[in-house]
Every structure is written in structure tokens, then in C-alpha cells.
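1. How does the following fold in three dimensions:
(3 chains)
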Amino acid sequence: MTTATRGSVGTGHTRIEGRDKVTGAARYAAEVPFADLAHGWLVLSTVARGRVRSVDTEAVLAMPGVLAVLHHHNAPRVDTDYIGLLGVPPDPSVALFQSDRVAHMGWPVALVVAETSEQAREAAESLVVHYDQEPHDVAFSAERQTEAYAVDGHMPGVVEKGDLEDRLAASAVVLDAEYTTPEEYHNPMEPHAATALWEGGRLEVVDSNQGTTWVAGELANLFSLDPGAVRVRSEHVGGGFGSKGARAHQVAAVMAATVLQRPVRVVMTRRQMFSLAGYRSPTAQRVRLGADTDGRLRALEHQSLSMTSSVHEFVEPSAAAGRSMYAAEAHHTASRIVRLDVPTPTWMRAPGEAPGSFALESALDELAERCGIDPIELRLRNEPAVGPVSGLPFSSRNLAACFSEGARRFGWADRDPRPGVRREGRWLLGTGTAAASFPAGAMPSTAAVTAEADGTFTVRVNAADIGTGARTALTVVAADALEVPSDRVRVRIGDSDLGPAMIAGGSMGTRSWGWAVTAAAEELRQSLAPGADIPPEGITVRSDTAEAIGALARKERHSFGAQFAEVAVDPATGEVRVRRMLGIFAAGRIVNPLTARNQLVGGMIWGISMALHEEAVRDRSTGGLYGADLAGYHVAAHADIPHVEADWVDDHDPDDPVGIKGIGEVGIVGAAAAVANAVWHATGVRHRNLPIRPDRVLMAGGDA
Amino acid sequence: MPPSTSSDLTLSVNGEKYTLTVDHRTTLLDALRERLDLTGTKKGCDQGQCGACTVLVDGRRVVSCLQLAVAAEGREVTTIEGVAVGERLHPVQQAFLDLDGFQCGYCTPGQICSAIAVIEEHAAGWPSAATGDVRPEAGSPPLSPEEIRERMSGNLCRCGAYVSIVQAVARAAEEKGAVA
Amino acid sequence: MREFGYQRALDVSGAVALLDADPEARFLGGGTNLVDLMKTGVERPARLVDVRELPLNRIEATEDGGLRIGATVTNSDLAAHPEVRRRYPALAQAVLAGASGQLRNMATVGGNLLQRTRCGYFADITSACNKRSPGTGCPAIEGQHHNHAILGASDHCVATHPSDMGVALTALDARVSYETADGPGEIPLADFYLPVGQTPHLETALPPGALITGVTLPPVPVAADSRYRKVRERASYAFAIGSIAAALDVRDGVVHDVRLAFGAVASRPWRAGTAESVLTGAPADAETFAAAAEVELAAARPLPHNGYKVTLMRNLAVAVLSELAEEATR
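-> Predicted coordinates for the structure are as follows:
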């Protein structure tokens, strides 16, 4: 054995699979070869509501290479009466072909399977489906509030403390403003893809997802299979952002593989992803803040309306963003939904916090302006000592340190607070700031660490690396716990046979998996006698963190951050360019600075993209999206992104054994507000509706 | 008489000749991925709107999703699998690896193929939309971050690794300048 | 995508003959638009005649001091060409403002002129569209028309032409040459695109089966000081919401010669001839530029959600002409 080594954590490591990714050797879900593979192509409805009257399969079955057409008359039956890993029932949208009902435009009505993808595509496009169309309703707007109801999603729907109207009446300054955000789509670069086959009585699925424990469980439940009879693998995942759970492609592939008894691959097209892969609901939000003239809040109200489908409840909990952020005597927050004939929305990077922080952090900026107080100072004056609603202590709260470090590095002290007074050629310049926070949670996971006879260690943990660098992070976490250099540790992930584990989601992946890995590795290290022989099969220690996580003291656990942006606005054309951006975060222990910085910056870039570009437009007449592709739905391109910098301050949580807080989502929180606040500072015009498009800037005489 | 809808052809990829029969509908992207097992070239949108499928054809970067395989006969195709020299990574690949110029890795082969071409295009004196004065008398602008961003804009990265990608392209371009 | 035949044409007459023989055949250039439209089902040709290998890939000086650009010259080669950059910088800038480096390497000059609208209803075959399926209606007028036409549209279609290159060529008085089975022909670009009227599916004045062989630019001395500016909803790799090609010759503070064309506002690149008339001989100042743009835009018929384009085009005209005027005085 070598001498004890710690220090892998906290130093930069290039990605374990990096070489495979830069050489093209890394195989993603649709790239794993299978003999005798057939290709399935989904057929989606062309009406937004109604019933399938008939499916003309005869002509299509006669086309070259066509093997089968599955639809609601002949598809295998599935069971949706269960609660899955994440504690919620399945979205019935994934129970394909179970009835003639069409619940939204782009609802899956059939799967065509053929020998080649070209044949499957042409046959799917040729399939004639007759519908009994019914009137649909997709008109989301703030006016629908009257039909809305509150739902507890992954956050409580409504939280109220104190007498809101009384405290508003007692406030010297009251801000009352409405904000909107549009439909937004995850659009991971890798489309959803799955290959399913039956092998030795087991269902094998090679998929692109954010958690194979999760997806295997959903498939076992849907198809009434023994959990041990399903294996899902997901080695490399080309982005997820919340969209890669149980979806139509896996279910379709399993159905076809079952019917045909051969491997079947189903890949979503980019356009299909706009109907089948989930999205972030549009929001209509209202924020009322009541404050004393010195900016101290007496009342905070945040109401958010989002939409969901007619078949499943999903709430975008935007109003929850402020519950841990600001102290106020009265604190009312409520997230509500209205049901429309649209696809079911889902978690998308910082669900709730991303749109919610746009509204709340814009409102804080407006309040600062009204009170004549610096926006950072306003936030510092409203720092809570304990959870503003819960009354629980914070595990650690270093928001003030983020602002102080960020302000120093950004040059905030030199800022002239007056809007619309800086010009450089055709550009008006401005700067803005906003706060960020995101819950730091952990979910039970298992891991196994094996001391191999050759002196290396194998870690088995069913993590998912969707671009987060989890594989690399867990390698260095294990190396430190084992007190060996990281090159002696191999980590295996992305295979449901590795045992149950948390998904890559909620910024909880690396913390949850890291906890399980640390527990097993430390126990293994302590059990290994120095110099003792390791048997050929190695020595394995397993862990399960369920108990430890259950025993964790109840506290307000969050990561925090301070966002800063500088923008240039051409008032003649309405163009907005972000010139630089800085985010300083307090996000627990940073395992791998190289990949962590990249991920935080990536979140901030999502914020820029959300502020300026992203918007899916729903056509009220057809009920479908207008321009559902990457030319119609703009995500930020290289030219939109200036030098964006992310860094962090020390953030220790003394009673957390791993100290990791998760960094996947906090980067986007507040980022769009920082940009919007900078646009106000540049132009004097407040933009409360995203995205801040050129036409909105151009036509905004007053507030937009 | 209806025309034949498939052809026997020879594709030249990374210096190797592949003879195959293709359905005319098959794009170069699908031929590489489904027929030649060269899966390093990625399908992101299949519509020319993301750049993930970028390869070099006769040394120039193109999106292989809009290039029909049958129309690529007689041209030399270079994919991500063909840019390293043996075990030695291309300088652009090495810079992406060292500077973490990616996250999920799915846009990465396209970004790298594009970047290789960007450095060549710049060296050949091609202007870009970021070039202030395109007149030849104005000379070639340095490959600034702004120039790199504009020239790389046909390659979307949804993870938002743009900052480190630009740094990687700049480093590779510098190295090329240093050895030239 | 439907199955189709493929043939590679080696000479112009052979290409024209192949197309002539099959009414369901289409010419394939770079494929950047056609292949995409075949994937979405908008185009369903039975045969493709690949014209990329035709000897039409040269840029040559004409006797009168202009340039002749072959139809298969790629966008990249056009924008990189020293004579284009020297004599018609707005054309190089327009091409560079379009698409991406990859697409510019594929796309050809001929194909660029013939590219179809990017209207989302046109691209979605489940939707009504008079341009794609005559007589089915235009959902954009009541629906999404944020980026649709404000000039020259009709009750039947409000789609815009997406080309950047075409805007510069229009300002530069380019002529399009073509070949048919009956011989060659030429059309001024100004007459190349048909008025929308009741027939938005009829887009160009090219005779049936014609192959574009090239574009000829006359000598345009004023074009040595020309510029293309494009506004879009992200900084690159997006279609215009408004663009402008302008050339300006100012002598003693007075506009001696001017060229002006607008992009993304009509079913074709829009030559701002009315504005040019107002400008010629007038003082080269922002007030005149604004007045000239307003006269041109008086014909605009904006819909409820694209009225911003009137303001945008006015501001763009003032900004770009002012820039050119200021540079002329340096």
C-alpha cells in the first residue's frame, strides 16, 4: 500500500471520460450497436384534443421494410397505478397507445417499426390517422388565475406567515409588479434515444437518461415486471437538464421489442422533443413588496401561475424562490396551476427558482430604485437570521460574502446608480446584480467499493454523468476517502444493476452519490489491515445512506450566489448584448474546480439565454408550437456569450459528512434578473417580460 | 421508368475507402453512424441548426445532416475519428481536454471539427461577420475571442461550455502559430 | 422522406435536360435548404439532379468592370473573394451574416436565391399555408407573424424571403442568368421575385425547368463604400428580423449616389427605390436619412405584432447611412 494520500478533492481534474469525448469514442445511447436492430419512428397527433377514430395501417404495412405499426388497438397494455422513485405517480403521457384519447398537439398515436430508419420515417410520415377533433384550449395568461388552484409539487404550493394586507398597509413603500416568462425547452444536444431488447428473460434498455434506477423502476412498474427483470444502462448522456426521465421513446421501444422479439431503437427527432420531452411552463407572476423607507421588508408576496396538461399535475413552483431568501413580517407565497390542452411540463434546470428568481430579484431591484438604496445593500438589510418562514437555522448562509467578493471583483463600488446615462457609440451600458439560492438536498443511495488484488479500487455507484463531471467527481471523492491517488480508483456508473441510487437532478446527484461512496470507502479503508493480502475477488464494502440522511438535523440547507452582469443596449435596434458576467457562489465543498467552474458558468449562460433568447410560441389556433426547432427556438450561441466568470467563497457545513451542496442549478438562479436589471440600468426601462427581445426594447417607450 | 432509389458507391472517410449501397435518402451523417459505425459524428437536430454533425469534406467544415451520402462520393471526408494522429491528439482536441471545453460531450466532436476549420479559414484570410473591415486592404484581423465566437456560432452547446471552448480554440490557434 | 432518384450532372445542358425529362425532379445544390425541406416533407421530389459539379464555380471580372459569379460558387468562396470584398463589401458582409461557417461552405449562390421562406407555418406540413398548399389559407395573419412581412405582402401570404445575400445583390443591381432547354436567359434581380398577390406559391420569374447559371454584378462605384447590417434575435446564426444593405457617395455634404435595400421585411429583398430618389441630391444628414426611410416605409402594412419592423428599418437606415456619411467625411 502507498502512504496515505488526501488532496484529490479541491484540485482540478480533467474528465475521466474526456479523451473518449474529444475523440468521438464515447458512445451515447443511439450509438451502441445491436445485431438485428429494427428502428421505430413515433407518429404524433396533428390535433390538440380529440379522439383517434382510426389508423390506416394497411398501406403502411405494405411499404418496404415495415415490420409493425403499434397503436391503441394493438399495443401492449401498461399499468400506471403506482408511485415511482421520486414519490409521484407517472405522467399518463408515457403510457403510450392505451386509449384513443388525444390530450395535446403532438400526442403519440402510433409507432412504426421498420428495418431501417429511412423506411421507418417515410412509413411513419405516410401513416394516415383519422381524428374526431374537439375544441382545445391552450391560451395561457395571467387572466387564467381565476381558474387556477394550488398544488404541492416538490415544494409546498402555498406558504403563509403573518397578515399580508396589514403589513402592506403599514409599509412606507409598496412595490406591486407583474412578470412573465415564456415556455422554455431543455433541448439537450443529444436527442432522447433508447434501444430495448429481451435477453434471457430480462428486459435490457440502453438509454439516455438522468438515472437508470429511476427509469428501470418506471419501466418495471409500467410493464408489471419484477424489478430485477429490468436492466437500464446509460453510460454517456448528452445533456438532460430535467428532460431525461421516463419518456415516450423508452416505452415505445419496449413495446416494439416485446411484440417483435428483436432489438428496437426509438430516437426522438428534435421536433418531436418539443412535444414529448417536457418543458418549463410559462409563468405569470405577481410580486408585492412592502418596505420601510430604509428598505427593510415588512411584507413579501409572490404569486405564480403556471400551466399543466389535462392528464397530469405538474407545478412550476416559482413562488417558492423567496421562502428562504428574505426576512419579512408577512410572507405569502403561492404557486398555482391551470390545466390546458398542452403537453405536461416538467422539471427544467432550477424548476421554480429560475423563473421565480427572475420576478423576485427584479422586484428587489425595483424596490432598491424606489428606496434610493443600492441593490446589494437592500439585500443585505433583509438577510434573515433563520429561515424566514420555517424558523429553522441555516446550515450555512454565505450570501453576504458572495456579494462582498463579487462587488469587489466586478467593480460595483464605482457604479453610478442612475439609469440611462452611459453611452459608448451606439450602445447604452448598464450593470445589474441579483441574488441566487438553491436547496441543497440529498437522497438515499447505495454504493459498493472494492479493494482489488492489484492494489486498485473499484467503485460501483449508479450515478449518471449527464455532463456534470459526476464520474470524475466521484473518483476524487473516493480517492480521498480511501486515501489513495485518484488514478488508483475506477468508478462504474450508469447501470441499474449497480444498485439503487439518486438521479442526476435537483442538484442532489453528486452529494447523494458522494455520500454513499464516502461511507463505503471510509469503512473499507478502516477495515483494510496494512499489508494484508487481498483475495482475488477483492474485498467489497457496501453502503446505504438512507438512515444517515434520515438522521440529518432539520435545517435550511441551500447554496447561495451573487450574480453580476454588464450589458450593452442599442436603443435604435433593440439589440442587447451581455458584455461580461460574474457569479460568486457559496455552494459547499467544491470537489473539482475545473468542472465545477464550467458547470456554474453553464448555468449562468442559461440565465443569459433565458433573459434574451429562449421562447417557444404556442399557436392558439392549432394548439401546437410555432417554429418548433433550433432555428425557431433560440438558445444562446457562441456569439451571445462574453467572458463569463464563476468563482466561490468558503462555505462549510459542520454537520454534513460530505459537505457537498450541488452546483447544477444555482448558476441559473438570478442570472436572468441580473441581466434584466442591467438592461434597466442601461436604458431606464424595466423589462418584466422575458425574453428581452429586440422588438420589446425597441418599442418600450416606458416600462415594458 | 422510375429512377433507381439507391446507389452503390465508395465513400472515402479518414483516408479509408468504404464501398456500400445507400438508399439515396441516407445522409452522410446517417451513413457514418449507421453504416460505417463511425458514431463520433453526432446527430443533434438533423436540420442544420446545431452543428453537432460537423465534419470536414475536402477539408471544409460542413453539416453532415444536410449532405446526402450519395452526393459525397468522390470527396474526402474527415470525421472526429480521423483528426488525431495515432495516439497523439490533435492540438484542438488536447486543448478541449485540458481546458474542459465541454460538459456532456455531445456537441464536442462537431465543435472540434469546426474549430479545426476555423483556424484554417482564419489562416487563409477569410473574414467573418465580426471582422470590422472586410476589404482585403484592411488585412486579416487577429483571431480574437470575438472572432472565435462569431466563427464558432454554428455549433450550439446547450451545457453552456462556450467560455472554455473559446479558450481552447484560442490556445490551439496559438500553438499552431507557434509551430508554423 | 420519399424515395428518390439521384443523378450527378456534369454539364449545364445535361442538367437542364435531366430536369426537363422529369416534372418531379429538382436541382440539388448545397442542399442546405432542399434537404431540410425534404426531411420536413415540404419538398417531395422524385429525382434530384446534383449540379454541384457543374463548371459554374468561378468568379470572374466582366468586360465592363463588373463581376460574374457562377451559380455553384459557395457562400464561403463568395465572401472570401478579394474582388467581392474590395468592390462590393456589403455583399461579403451580407453573406458572412448568414447561416454558419458550415452552411456557407455548402450553400451556393444559385440556391441562396431560391431558398424558401422560414415561416413556421410553411415548414410545418400539418399547418395550412397558401405558399405550400395553395388555397388552404394563411394562419400567420391571425397567428404568429412577429417576423413576417410589412411590405409587399397580401391577404394570401405574409412570409418573408430569408436571404441576406439577396439583399446586397438587390442593392447592387445584380442580374440572374439561367439556362433552359430552349437556351439561356437573364432577369434583373429586381424582377426575379414575383409579387405575392393571390399566388404566393409562384415565387420567381424563372421559366419552368430553368437552371440558374450565375449572377452578374455591374460596376457599382458607390459600392466600394457599402455596408450590410443585420438585426436578429441572437448575435449570430439566426435569420434577420430586419437588415439593410446600403452604399453611399457623399460629395460636399450632398448625396451624390446611394443604394438601399431592406431584408426580412417582404417576400423578396426590398429595394428601397423611393428612399433612394428622396436621398439623391439631398443633404447627407440624419434628418434626410430618416425622412427618406419614412417615405419608403409609408407603404408598410404592418400586422398587430410586427409593427416594430417599421421603426427598426427606419432606425437602421438612419444608423447605417449616418455611419457611411461620417466615414466619407474622414
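2. ok, and what's touching stretch A:142-156?
-> A:157-158, A:178, A:180, A:284, A:286, A:303, A:305, A:307, A:313-315, A:317, A:320, A:334-338, A:347, A:351-352, A:506 (C-beta atoms under 8 Å, 6 or more residues apart in numbering or on different chains). For every residue, glycine as well, the C-beta is placed using N, CA and C.
3. ok, now stretch C:247-255?
-> C:90, C:171-172, C:220-227, C:256-260, C:279-285, C:288, C:321, C:324-325, C:328-329.
4. Taking chain B, what residue is nearest to chain A?
-> Going by C-beta to the nearest C-beta, chain A is nearest to residue B:40 of chain B, at 1.9 Å.
5. Could you tell me how many residues sit around that residue?
-> If you count neighbours by other C-beta atoms under 10 Å in any protein chain shown, residue B:40 ends up with 26.
6. Contacts only, for the closest residue to it other than its chain neighbours.
-> Counting by C-beta to C-beta, 6 or more residues apart in numbering or on different chains, residue A:24 is the residue found nearest to residue B:40 once chain neighbours are left out, at 1.9 Å. Neighbouring residues of residue A:24 by C-beta under 8 Å, 6+ apart: B:38, B:39, B:40, B:41, B:79, B:80, B:81, B:109.
7. Now do the SS call for the second one.
-> What that stands for is residue B:39. coil (DSSP: H, G, I helix; E, B strand; the rest coil).
8. right, and it touches residue B:29 too?
-> No: counting by C-beta atoms under 8 Å, residue B:29 is not a contact partner of residue B:39; they are 10.4 Å apart.
9. and the residue lying closest to residue A:500 once chain neighbours are set aside, what is it in contact with?
-> Nearest non-adjacent residue to residue A:500, counting by C-beta to C-beta, 6+ apart: residue A:213, 4.9 Å away. By C-beta under 8 Å, 6+ apart, residue A:213 lies in contact with A:85, A:462, A:496, A:499, A:500, A:501, A:502, A:503.
10. repeat for residue A:397
-> Contacts of residue A:397 (C-beta under 8 Å, 6+ apart): A:383, A:556, A:558, A:560, A:586.
11. was I right about the fourth one contacting residue A:399?
-> Yes: checked against C-beta under 8 Å, the pair residue A:560 and residue A:399 is within contact range at 4.1 Å.
12. quick one, helices of chain B?
-> With DSSP state H as the criterion, chain B has helices at B:28-30, B:91-98, B:108-123, B:145-151, B:162-179.
13. Could you tell me the least trusted of the ones you listed?
-> Per-stretch mean pLDDT for the helices of chain B is lowest at helix B:162-179 (a mean of 88).
14. how does chain B divide into domains?
-> Following automatic domain parsing, chain B resolves into domains at B:6-82, B:91-174.
15. The stretch 251-400 of chain A: strands as residue ranges?
-> A:264-267, A:283-291, A:297-308, A:330-339 (DSSP state E, counting those that start in this stretch).
16. among these, which is nearest chain B?
-> Nearest of the strands of the stretch 251-400 of chain A (C-beta to the nearest C-beta): strand A:264-267, 7.9 Å.
17. Pick out the residue of the stretch 101-250 of chain C closest to chain B.
-> residue C:236 (3.6 Å).
18. check which helix or strand covers that residue.
-> According to DSSP states H and E, residue C:236 maps onto no helix or strand at all.
19. Hmm, it is touching residue B:152, no?
-> No: counting by C-beta under 8 Å, residue C:236 does not reach residue B:152; the two are 9.0 Å apart.
20. Now for the two: what residues contact both?
-> residue A:638.
21. Comparing the two, which shows the higher neighbour count?
-> More crowded of residue C:236 and residue B:152, by other C-beta under 10 Å: residue B:152, with 27 against 23.
22. Quick check: the gap between the more buried one and residue B:107.
-> 11 Å (C-beta to C-beta, to the nearest Å).
23. what sits against residue C:116?
-> So residue C:116 contacts C:33, C:37, C:42, C:122, C:131, C:203 (C-beta under 8 Å, 6+ apart).
24. What's the local residue count around the fifth one?
-> Here the count is done by other C-beta under 10 Å, and residue C:131 has 23 residues near it.
25. name the element it belongs to?
-> Counting by DSSP H and E, residue C:131 is part of no helix or strand.
26. Repeat that for residue A:241.
-> Using DSSP H and E, residue A:241 falls outside every helix and strand.
27. One more: residue C:256?
-> With DSSP H and E as the criterion, residue C:256 is inside strand C:254-263.
28. now the helix or strand following that strand: how far from the chain's centre is it?
-> Next along the chain after strand C:254-263, taking DSSP H and E as the criterion, comes strand C:270-271. Relative to its chain's centre, strand C:270-271 lies at 10 Å (C-alpha atoms, centre = their mean, to the nearest Å).
29. Contacts for strand C:270-271, please.
-> Contacts of strand C:270-271 (C-beta under 8 Å, 6+ apart): C:151, C:152, C:167, C:170, C:171, C:190, C:260, C:261, C:262, C:263.
30. Are stretch C:295-302 and chain A in contact anywhere?
-> No: Stretch C:295-302 lies out of reach of chain A by C-beta under 8 Å from any C-beta of the partner chain, never closer than 11.3 Å.
31. CA-only coordinates of the strand holding residue C:256 in PDB, if you can.
-> The C-alpha coordinates for strand C:254-263 follow below in PDB (Å, rounded to 0.1, in the frame of the first residue of the first chain):
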ATOM      1  CA  VAL C 254     -24.800  66.100 -50.600                       C
ATOM      2  CA  VAL C 255     -25.800  62.600 -51.500                       C
ATOM      3  CA  HIS C 256     -24.300  62.000 -55.000                       C
ATOM      4  CA  ASP C 257     -25.200  58.300 -55.300                       C
ATOM      5  CA  VAL C 258     -26.900  55.900 -53.000                       C
ATOM      6  CA  ARG C 259     -28.100  52.300 -52.900                       C
ATOM      7  CA  LEU C 260     -30.500  51.000 -50.300                       C
ATOM      8  CA  ALA C 261     -32.200  47.600 -49.800                       C
ATOM      9  CA  PHE C 262     -34.100  46.100 -46.900                       C
ATOM     10  CA  GLY C 263     -34.100  42.500 -45.800                       C
END
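32. Of all the residues in it, which ones are buried?
-> C:255, C:257, C:258, C:259, C:260, C:261, C:262, C:263 (16 or more other C-beta atoms under 10 Å in any protein chain shown).
33. now stretch C:126-137
-> Here stretch C:126-137 shows C:127, C:128, C:129, C:130, C:131, C:132, C:137 as buried, counting by 16+ other C-beta under 10 Å.
34. Endpoints of that stretch, how far apart?
-> 13 Å (C-alpha to C-alpha, to the nearest Å).
35. Then stretch B:134-141?
-> Start-to-end, stretch B:134-141 (C-alpha to C-alpha) is 9 Å.
36. Stretch A:257-265 too?
-> Start-to-end, stretch A:257-265 (C-alpha to C-alpha) is 9 Å.
37. packing partners for the least confident helix or strand in chain B by mean pLDDT?
-> Taking mean pLDDT, DSSP states H and E as the measure, chain B has helix B:162-179 as its least confident helix or strand, at a mean of 88. The helices and strands touching helix B:162-179, judged by 3 or more C-beta pairs under 8 Å, 6 or more residues apart in numbering or on different chains; DSSP states H and E, are helix A:593-612, strand A:643-648, helix B:91-98, helix B:108-123, helix B:145-151.
38. please redo it, this time with the cut-off set to 7 Å
-> helix A:593-612, helix B:91-98, helix B:108-123, helix B:145-151 (3 or more C-beta pairs under 7 Å, 6 or more residues apart in numbering or on different chains; DSSP states H and E).
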